[in-house]
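Visitor: Make a model of this:
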Amino acid sequence: MGGHLALLTFLALSSAAAKPQAGLKTWGRFSKLPYPGDKAFLYRTFPQDFIWAVGTAAYQVEGAFEKDGKGLSIWDTFTRGGNRMATGDVGSDSYHNIHADIRAIRQLGVSHYRFSLSWSRIFPNGTRGSYNEIGTNYYRTLIKKLKEIRVQPVVTLYHWDLPEHLQQSLGGWSNPQLVHIFKDYADFCFQEFGDDVKYWISIDNPFVVAQHGYGTGVIAPGIKNDPDLPFRVGHNLLKAHAATWHLYNRHYRPRQQGKLSMALASHWIKPSRTRLESLRECQCSLDHVLGWFARPLFVDGDYPPCMRERLGSRLPSFTQEEREQVRGTADFFALSHGATLSFQLNDSLKFGQLEDLDLRMLLYWVNAEYDKPPIFVVQSGWFVLGNTKTEDPKHMYYLKRFIAEALKSIILDGVNLIGYTAWSLIDGFEWHREYGIRRGLYYVDFNTPDMKREPKTSATFYRNVIHKNGFPELPENRPAQGVFPCDFAWGVSANSIQVETTPTQFADPNIYLWNISNNGELIKLEGFSAPPLHRATHCADYATIRQQVDEIRQVGVNHFHFSLNWSALVPTGDVAYPNSTLLGYYRCFTQQLLQANVTPVVTLWHHTHERSSLPPPLDTANRWLNRKTPEAFADYARLCYRELGTHVKMWITLNEPNDKMVNYQEGHQMLRAHALAWHVYDREFRRTQGGKVSLALHMDWVEPAFSFSREDVEPAKRVLDFNVGWLAEPIFGSGDYPMGMRSWLRQLNSLELPVFNEEDRQLVMGTYDFFAMSHFSTELVTHAKEDSYTYTEMLEVQRMIDTTWIMSPLPVVPWGLRKALNWVKQHYGDVPIYIMANGVEEDPARFKDSLRVYYLYNYINEALKAFTLDGVNLKGYFAYALNDQRDLGFGLYGQVHEEVIVKASLSNYRNIIQHNGFPIPGAPPQQCPALPQPCPGCHLLIRWPVIGFMSLVGSGVLIMLGLIIYYSTKRQKEYY
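Guide: Numbers count the residues shown, from 1 in each chain. Next comes the predicted model:
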């Protein structure tokens with residue numbers, strides 16, 4: 001029995017022990033996760049006992065650098081040397097603002113507050129003999145106030161601010177004597193504060209202390225020029241931590257029941273190539289930053305083999321006794337991540353790989369590499385520029401990203417993550433960046449005597465996350481179930497179709513012999529040709545039409561949207577001399593679509609960046625600024641209605657004229673052109689043809705970066721006015737440009753926006769039969785300027801994205817479509833709406849296009865919500881696009897050389913169409929009346945040349961059989 005128990009114990013320990021370099025599997029594991037589903041935002045909550053914290057560091061915020069007996073630190077000296085412009089002498093003046101800091105902490109609702117002790121405030125010269133009672137009382141008061149608001153302190157003993165006396169007299173951390181001195185300082189702190197502190201951090205980010213304090217000289221004490229000194233410093237830091245841990249473990253833990261660790265910071269890194277060598281270099285990069293200190297603490301008391309191999313004798317050695325002393329001296333893994341000096345490494349520590357900010361993968365790597373330790377993220381966040389005030393969108397969305405990744409690491413990856421610390425509570429002195437950046441959740445006005453604190457939007461966001469304990473799923477986040485109406489238009493769009501002006505059927509005049517007795521090949525007879533066929537060209541003679549219609553039909557849609565080419569149809573600009581051959585091709589194409597039970601939707605003019613698509617005479621004469629262009633467009637529309645209107649019942653005059661490249665004067669003439677074309681149809685063709693006409697506007701959604709801020713709601717409305725309302729309001733609304741647009745331009749003293757005279761106003765207003773829109777993505781806007789590259793001066797808006805969104809290359813934001821549809825309803829009532837183009841760009845080589853599958857499913861689902869829940873009068877949805885050949889990267893069909901490939905997204909889209917949406921499981925099937933056949937039996941006629949050929953062959957066989965029977969009978973009679 002004892003032997004059996006021993007064996008079980010051994011096996012349990014063996015399975016629990018981390019394998020050497022177990023983190024190496026991280027990159028492979030994440031590369032195999034389902035895309036893009038794994039990248040989608042996860043709506044879940046954190047464990048109930050999860051630690052929500054916020055933090056600061058003493059030198060950054062305390063100020064009072066010479067107050068009440070405090071001694072100088074290395075930062076007090078460092079900031080007065082070289083070319084440095086600012087100091088932390090005052091910082092955020094937390095020394096005199098405990099109540100303001102406590103108020104901010106209470107407002108956030110955190111459970112823990114991480115702060116550091118100023119060693120030189122407690123021991124001015126670094127040793128116990130210089131004890132400062134007043135300085136110590138500051139921390140007693142802070143801890144007491146925290147306890148009063150039920151916030152637990154997380155106390156850092158050393159956050160980079162070594163007493164200057166120790167640096168000057170002993171050389172700072174380069175001297176092994178500091179191990180004992182630090183231990184004695186820690187002993188005092190445990191004794192003085194330990195009854196109220198359950199989480200201790202011995203030293204913050206030893207990599208930065210060693211590498212940048214004693215290597216590059218970027219931070220205090222600013223020592224450089226000895227390339228081996230950082231490794232000796234790191235050696236002493238590890239020993240000091242270990243000595244402190246053993247002290248706490250032996251003398252204080254039994255009574256105080258606290259935990260102690262060392263805060264280790266790290267970047268993340270991705271392989272530059274998909275090779276094992278690249279993965280090993282990534283592992284080695286992490287070993288040189290994080291593993292430098294983590295492996296001695298969590299594995300074997302020694303440095304990573306990669307460091308030993310590459311650094312050799314430059315790296316100090318531990319004795320066996322020292323290894324045992326260091327190993328296992330961490331009660332949890334304290335991890336720092338984000339805008340620290342352990343991110344944005346110099347190239348020598350990247351080893352040719354690519355640095356990244358992926359907290360989730362870093363957490364997984366730590367979990368795997370160090371045998372599933374409890375992980376406490378003790379610093380995480382980002383920064384904004386120093387001139388940013390209370391609106392910090394970039395910081396807020398980085399926080400959202402990091403917290404979302406932390407949640408996924410718990411729920412999806414099984415990481416033992418116990419807490420998260422947003423950095424930092426308030427703005428302060430940002431080390432080598434001084435006051436050039438801000439990292440606080442609270443804005444500090446450094447120009448006011450009391451250093452006034454105001455919550456930023458990031459604070460509001462973090463408070464809401466804490467209150468909800470994460471991101472609980474809301475009803476609007478859940479997929480909808482239900483179906484669209486029976487007459488819903490399911491379509492696919494293409495910018496253009498392939499045109500073949502010469503029929504290919506029966507076009508080969510050569511004569512062939514069929515080698516039926518051997519390999520069945522056709523052998524061309526040289527010198528012989530068939531006489532020309534004297535027959536009229538039939539629509540089915542065009543092989544490209546047959547192929548394209550067949551591809552469209554396979555999608556399962558009942559509508560197909562494509563654009564005509566005005567410049568090719570009317571090359572001279574005079575509709576009296578159209579390209580009859582091309583017109584005939586378009587006529588055949590629409591006819592064949594109808595015969596395949598697909599309704600053609602035809603755009604008269606499609607705006608492109610590359611060319612105007614106007615007939616050459618108009619293209620060279622001011623294009624749309626030419627007053628004759630709208631009249632010419634109306635004549636062109638009349639031609640198309642007359643020649644194609646029998647088959648086309650849904651027309652788009654202009655597709656996406658509200659392009660950013662179109663100026664206001666051009667847009668004005670485009671409105672006139674559309675209106676003239678609409679009136680031509682209304683007066684001359686509607687009664688006989690019974691069709692509908694409108695224009696299609698590009699309408700990506702614009703969301704306020706802070707939906708709870710009126711200051712951002714207004715810029716979002718402004719952008720939508722300029723992007724969509726610009727051309728929508730004159731047609732669907734008042735007959736004039738939006739009031740917000742006019743007043744904004746007037747405010748800028750701009751006269752660029754034309755004025756409608758009464759004639760044009762009456763001409764344009766109401767010229768629609770439906771609202772057609774193309775929608776692809778969503779962007780965020782705020783009025784707070786952060787990045788000049790994405791700031792629009794004229795509208796005074798900062799454009800940005802949520803860093804948790806899936807990108808390819810535009811953000812994938814399904815709910816933006818629902819909001820766009822509701823915007824149309826809100827502004828223009830119960831107008832019928834068609835989504836004429838909705839799609840995502842994906843690598844054309846990915847035939848298993850999982851991103852497009854995800855995109856179409858979720859965007860169509862949001863369209864269903866708009867229809868069923870919001871009452872939007874949605875009439876149709878068109879996926880964009882049919883194939884990669886015409887719309888590269890967007891197609892449901894791919895192509896390799898001449899072979900057409902059906903992508904996964906096509907099958908998924910067809911399945912949605914077949915179910916007419918997302919029916920409730922178990923519900924009776926939707927009962928829809930059978931759709932009338934536009935041409936009964938036409939599906940046979942589509943292939944009539946083949947049928948005719950087979951009929952001819954059949955007739956020949958019958959005649960031959962008749963002759964054989966006749967002569968056989970005759971021969972038998974002769975024998976008699």
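Visitor: Just the buried residues of stretch 827-844, please?
Guide: Applying a neighbour-count criterion of 16 or more other C-beta atoms under 10 Å, one finds 827-828, 831-842, 844 buried in stretch 827-844. For glycine as for every other residue, the C-beta is placed from the backbone atoms N, C-alpha and C.
Visitor: and if you look at stretch 918-932?
Guide: Within stretch 918-932, the residues scored as buried using 16+ other C-beta under 10 Å are Phe918.
Visitor: mean confidence for that stretch?
Guide: Mean pLDDT, computed over stretch 918-932, is 87.
Visitor: now stretch 118-131
Guide: For stretch 118-131, the per-residue pLDDT averages 98.
Visitor: Contacts for that stretch next, please.
Guide: Stretch 118-131 is contacted by residues 58-59, 62, 69-73, 132, 135-136, 138-139, 157-158, 161-166, 181, 184-185, 188-189 when judged by C-beta atoms under 8 Å, 6 or more residues apart in numbering.
Visitor: Pull that stretch out as PDB, backbone CA atoms only.
Guide: The C-alpha trace of stretch 118-131 is given here as PDB (Å, rounded to 0.1, in the frame of the first residue of the first chain):
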ATOM      1  CA  SER A 118       9.700  55.400  -1.000                       C
ATOM      2  CA  TRP A 119      12.700  53.700   0.600                       C
ATOM      3  CA  SER A 120      14.400  57.100   1.100                       C
ATOM      4  CA  ARG A 121      11.300  58.500   2.800                       C
ATOM      5  CA  ILE A 122      11.400  55.700   5.400                       C
ATOM      6  CA  PHE A 123      15.200  55.400   5.600                       C
ATOM      7  CA  PRO A 124      16.600  58.600   4.200                       C
ATOM      8  CA  ASN A 125      20.100  57.200   3.800                       C
ATOM      9  CA  GLY A 126      18.900  53.700   3.000                       C
ATOM     10  CA  THR A 127      19.600  52.000   6.400                       C
ATOM     11  CA  ARG A 128      17.600  51.500   9.600                       C
ATOM     12  CA  GLY A 129      19.800  54.000  11.500                       C
ATOM     13  CA  SER A 130      18.300  56.900   9.500                       C
ATOM     14  CA  TYR A 131      14.700  55.900  10.300                       C
END
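Visitor: returning to what we had before: what about the contacts of stretch 118-131, which are in helices?
Guide: Applying DSSP state H to the contacts of stretch 118-131, the entries found in helices are 58-59, 135-136, 138-139, 164-166, 181, 184-185, 188-189.
Visitor: can you map out the helices along the stretch 851-976 of the chain?
Guide: Using DSSP state H, counting those that start in this stretch, the helices of the stretch 851-976 of the chain run over 904-914, 938-941, 944-975.
Visitor: and which of the ones in helices among the contacts of stretch 118-131 is nearest Arg718?
Guide: Nearest to Arg718 among the ones in helices among the contacts of stretch 118-131, counting by C-beta to C-beta, is Tyr59 at 43.0 Å.
Visitor: quick one, what contacts the closest one?
Guide: Ser73, Trp75, Gly88, Gly91, Ser118, His159, Trp160, Asp161, Phe429 are the contacts of Tyr59 under C-beta under 8 Å, 6+ apart.
Visitor: okay, and for the stretch 701-850 of the chain, where does confidence drop off?
Guide: For the stretch 701-850 of the chain, not a single residue meets the criterion pLDDT under 70.
Visitor: Show me the helices in it, by range?
Guide: Secondary structure of the stretch 701-850 of the chain by DSSP H, counting those that start in this stretch: the helices cover 710-720, 726-732, 739-747, 758-764, 815-828, 850-868.
Visitor: Can you add distance to Glu898 and give the ones you listed back as TSV?
Guide: Listed next are the helices of the stretch 701-850 of the chain as TSV, based on distance: least, C-beta to C-beta, whole Å:
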stretch	distance to Glu898
helix 710-720	44
helix 726-732	41
helix 739-747	49
helix 758-764	47
helix 815-828	36
helix 850-868	23
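Visitor: of all these, which lies closest to His212?
Guide: helix 710-720 (37.5 Å).
Visitor: what angle separates the closest one from helix 739-747?
Guide: Between helix 710-720 and helix 739-747, the angle comes out at 100 degrees (axes from the mean of the first three to the mean of the last three C-alpha atoms, to 10 degrees).
Visitor: which parts of helix 710-720 are buried?
Guide: Under the neighbour-count criterion of 16+ other C-beta under 10 Å, helix 710-720 has Asp712, Val713, Pro715, Ala716, Lys717, Arg718, Val719, Leu720 buried.
Visitor: tell me the two of those that are most distant?
Guide: Farthest pair in the buried residues of helix 710-720, by C-beta to C-beta: Asp712 and Leu720, 12.9 Å.
Visitor: can you list the weak-confidence ranges in this structure?
Guide: Applying pLDDT under 70 to the chain flags the ranges 1-20, 340-344, 503-522, 529-536, 609-611, 931-976.
Visitor: quick revisit: out of the buried residues of stretch 827-844, which is nearest to Asp887?
Guide: Using C-beta to C-beta, Gly839 comes nearest to Asp887 of the buried residues of stretch 827-844, at 8.2 Å.
Visitor: can you count the residues close to the residue nearest to that closest one when sequence neighbours are not counted?
Guide: Spatial nearest neighbour of Gly839, chain neighbours left out: Tyr880 (3.5 Å); criterion: C-beta to C-beta, 6 or more residues apart in numbering. By the criterion of other C-beta atoms under 10 Å, Tyr880 has 25 neighbours.
Visitor: surely Tyr880 meets Phe890?
Guide: Yes - at 5.7 Å, Tyr880 counts as touching Phe890 under the criterion of C-beta atoms under 8 Å.
Visitor: anything in contact with each of these two?
Guide: By C-beta under 8 Å, 6+ apart, the residues touching both Tyr880 and Phe890 are Gly839.
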